[in-house]
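> Quick one: sequence plus predicted model below, questions after.
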Amino acid sequence: MNSVLRKLAGLAGACLIAAAMAAPAHAQEKFTSFTAGADPHFRPISFQDESGKLVGFDVDFVEELGKHLDIPVKYEGMAWDGIIPALQAKKIDAVTNMVITDERKKVVAFSDPIMQQTIIAVVKAGAEKKDVTLDDLKTLRVGVQGATSAATVVEGVEGANVATYNTVVDAYNDLMLGRIDVVVVESVNGQYIAANQFAGKLEVVEKPLTEDVKLNGVALRQADTEGLKQINEAIAAMKADGTLNAIAVKWFGNASAIPQ
């Protein structure tokens, strides 16, 4: 090939590369069905009733989400510490109730918020120390579920004696047995557990451990851009027509956990 032809070939190649870079990326198609994954041991978000059926706020949310999207939905319980890998491996299409963090945004895309909560401490009703602060965690035996926002808060307390659990249920059981002094957990779960499962036996420390308000959203694969638009449109509709508030009132007793 002579020098002129080489120059022309190089120019053509450069044009093709430039065109490819300028062309819009192929958008992910919309969801035509939807499988959600969740921790099946996190009351009242998702848990098994006496018959073994998954129930809770998140289960009702997914059911209503399917109605608003007009697509079939499926809900599956799975280990929380492996739930993002399951999403990335396309075993599920979404984690429909996850705290939104900058670290998680690096690997998943989040919808608009569907819930807000704080990080709290739960102690035994007869505990000597009931006004637990973040600084107090340095001198107490602390229990927390791994891979949660509560765990992130505890990890920031230097010198804390921390026991990490696969499920928050195990942490509460050890608290009742006296093996730990306090459970650090998201407020929606802690308040529900203290008021329902362990009424008179466990108490929620009135003041949250931090002033940060945690926002929960639907976690999707970053490539699911069209699906994210679908989900956000459905969430907006559920807020507007009162569906999301009604689910919150059913499971929490009020709608204060729903961001407006």
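It's in. Numbers count the residues shown, from 1 in each chain.

> any idea how far the spatially most central residue of the chain is from K207?
With distances taken as C-alpha atoms, centre = their mean, the residue of the chain nearest its centroid is M98 (1.0 Å). Using C-beta to C-beta, to the nearest Å, we find M98 at a distance of 25 Å from K207. To be clear about C-beta, it is placed using only N, CA and C from the backbone, and glycine gets the same treatment.

> try V123
13 Å.

> more crowded one of these two?
V123 (22 against 13; other C-beta atoms under 10 Å).

> wait, is that one part of a helix?
No - read with DSSP: H, G, I helix; E, B strand; the rest coil, V123 is strand and lies in no helix.

> Return the per-residue confidence for it.
pLDDT recorded at V123 is 98.

> Look up the residues forming beta bridges with the residue nearest to it when sequence neighbours are not counted.
Using C-beta to C-beta, 6 or more residues apart in numbering and skipping residues adjacent in sequence, the residue nearest V123 is V182, 5.3 Å away. For V182, the beta-bridge partners under DSSP bridges are V142.

> what about V182, how many neighbours?
Using other C-beta under 10 Å, V182 has 26 other residues around it.

> quick one: it and I120, what's the gap?
Distance from V182 to I120, by C-beta to C-beta: 10 Å.

> before we move on, what about Q48?
Look at Q48 and I120: by C-beta to C-beta, they are 24 Å apart.

> One more: I193?
In this view, I193 and I120 are 11 Å apart by C-beta to C-beta.

> cool, and V99?
14 Å.

> How is E158 assigned, secondary-structure-wise?
With three-state DSSP as the basis, E158 sits in coil.
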